[in-house]
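# Predicted model, plus sequence, below.
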Amino acid sequence: MTLCVSWIRQVKNRQELVFATDTVLTGGERWDKGVKLFEMPRKDALLCFTGSTIRAYPLVLNLISSISYDQHLNSPMASLDDVVVHLTELFSKLIRTITEVDGMVHEARAEARFLFGGWDWEMEAFRVWAINYEATSESFLATELTGNEKQTSFYTFVGEANGVDIEQVAKKKFNQLLLDEDKVHQKLDMEPLKILKQIALDEEVREVGGSLQIAKVYKSNRTEFFGIFWQSSKGVPFFQGREYSNVTKPQVRYLNPDTFEIMELDLPDKLSEISKEIYGLHVEFISECYPDGFLKNEISERDKATLKTVFKEVAYAQFISKEEKTPNETLIFEELNPDEL
């Protein structure tokens, strides 16, 4: 069980396809740290699932493995349509091997549903499909949700929860949010993620919970996975459902769950001193990034990466310098005669 959401995010002139899910796995037991969002080996598409974990995982793992070793499907020349055809054919063949089920074989085969989408370089558009089992043909069928035109306004919620029509609940909450924020006919930013968070924190919905998993597909034919601080900006970093410390966290970008903006975890807002003694040859660059000692608002991703590298070098140099002094100081005390003190 889970709740998945996908939408086309539009900020200024930039468009991105976003996928997000919660992290709860259920099926007689509950896991709060399950992976439900997957990157394809070709790096231009994402896949998430809702329903039975025991049904979904074998299908997803077979798909990822098959694409990894298929020279055509793993190349940028293959279209998303090629991948969707392969996906449905593979899932259909695998699901038909489920035979030793007491009676309700079609119900068992249909226990997992999927969302698949990415950037289609042929159509120059983001595309998303719902992948569902159909009993009559005993096959998984793909239904495109984004249409055949270059759709820019799109969102979908897919989910399951016992006793609750979680998709309708999510859509109702989402429509109300748009009304409250006066964004009914405006471009979407991170509004769908706000609804996913709200439901994930609802203790009455047992099947949806845990931290959020978020990833984006860009028009450059690449994906990016994000971590999130949970349950608030004062919480701890989570990535793909797992909790980390600030030391062990993966080197990805993290979202603030209060605002859903990027948290610049490794960049201080203010520097108390900018001097050549501290930053050496980098002092001019540091001064440009921190005019008047404060981090400027507009800073490129490349400059952010450079700043992090410089700060790490400075911190390491200061650490080594301190450690080199410590043994000498200790030696002085060891050589002194206590009676002379």
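Structure received.
# Contact partners for K249?
Neighbouring residues of K249 by CB atoms under 8 Å, 6 or more residues apart in numbering: G227, P237, F239. C-beta: built from backbone N, CA, C; applies to glycine.
# any idea how far A142 is from it?
36 Å (CB to CB, to the nearest Å).
# Give the residue spans of the stretch 151-300 of the chain that score low on pLDDT.
Scanning the stretch 151-300 of the chain for pLDDT under 70 picks out 151-152, 265.
# Okay, helices next: where are they in it?
Shown for the stretch 151-300 of the chain, the helices assigned by DSSP state H, counting those that start in this stretch span residues 166-180, 191-200, 276-279, 283-289.
# Tell me which of the ones you listed is the most buried.
Among these, helix 191-200 has the highest mean neighbour count (mean count of other CB atoms under 10 Å), at a mean of 20.
# Contacts for that one, please.
Taking CB under 8 Å, 6+ apart as the rule, helix 191-200 contacts 3, 5, 7, 18, 20-22, 155, 157, 166, 169-170, 173-174, 177-178, 181, 183, 205, 208-212, 214, 257, 260.
# Write a ChimeraX command that selects only the buried members of these.
Per 16 or more other CB atoms under 10 Å, the buried members of the contacts of helix 191-200 correspond to this ChimeraX selection:
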select :3,5,7,18,20,21,22,155,157,166,169,170,173,174,205,208,209,210,211,212,214,257,260
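# all helices of the stretch 1-150 of the chain, in order?
Remark: helices assigned in the stretch 1-150 of the chain by DSSP H, counting those that start in this stretch are 53-68, 80-95, 105-109.
# Relative to V11, tell me which of the helices of the stretch 151-300 of the chain wins on proximity.
With CB to CB as the measure, helix 191-200 is the member of those nearest V11 (12.1 Å).
# So what sits opposite the nearest residue to Y244 once chain neighbours are set aside in the bridge?
Excluding the flanking residues, the one nearest Y244 by CB to CB, 6 or more residues apart in numbering is P237, at 5.0 Å. On the basis of DSSP bridges, P237 is bridged to F229.
# Name all residues that make contact with P237.
Taking CB under 8 Å, 6+ apart as the criterion, P237 is in contact with G227, I228, F229, E243, Y244, S245, N246, K249, Y254, L265.
# quick one: it from W230, how far?
8 Å.
# joint contacts of those two?
Listed as contacting both P237 and W230 by CB under 8 Å, 6+ apart are E243.
# ok so, going back, show only the entries of the contacts of helix 191-200 found in strands.
Among the contacts of helix 191-200, the members falling in strands (DSSP state E) are L3, V5, W7, V18, A20, T21, Y155, F157, I214.
# want to try TSV for the residues you listed, with distance to V105 as columns?
Formatted as TSV, these follow (distance: CB to CB, whole Å):
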residue	distance to V105
L3	27
V5	30
W7	35
V18	36
A20	32
T21	27
Y155	34
F157	28
I214	35
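# ok, so of those, who is nearest K308?
Nearest to K308, judged by CB to CB, of the ones in strands among the contacts of helix 191-200 is I214 at 21.5 Å.
# ok, the closest one touching E224?
No. With contact defined as CB atoms under 8 Å, I214 does not reach E224; the gap is 9.3 Å.
# Only the buried residues of stretch 222-233, if you could.
T223, F225, F226, G227, I228, F229, W230, Q231.
# I figured the fifth one hits G210, correct?
No. Using CB under 8 Å, I228 and G210 do not qualify as a contacting pair, with a distance of 10.8 Å.
# so what sits against both of those two?
With contacts taken as CB under 8 Å, 6+ apart, not a single residue reaches both I228 and G210.
# Compute the number of surrounding residues for P41.
Neighbours of P41 under the rule other CB atoms under 10 Å: 15.
# before we move on, what about E298?
When neighbours are counted by other CB under 10 Å, E298 registers 5.
# Report the separation between it and D269.
14 Å.
# Ok, T97 next?
Distance of T97 to D269, computed by CB to CB: 56 Å.
# Ok, N74 next?
Separation of N74 from D269 (CB to CB): 43 Å.
# Give me the more crowded residue out of those two.
Between N74 and D269, counted using other CB under 10 Å, N74 has the larger neighbour count: 17 against 9.
# wait, that one sits on D44?
No. Using CB under 8 Å, N74 makes no contact with D44, being 10.8 Å away.
# if we can go back for a sec, tabulate the helices of the stretch 151-300 of the chain in a markdown table, adding columns for distance to L63.
Converted to a markdown table, those look like this (distance: least, CB to CB, whole Å):
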| stretch | distance to L63 |
| --- | --- |
| helix 166-180 | 24 |
| helix 191-200 | 24 |
| helix 276-279 | 49 |
| helix 283-289 | 43 |
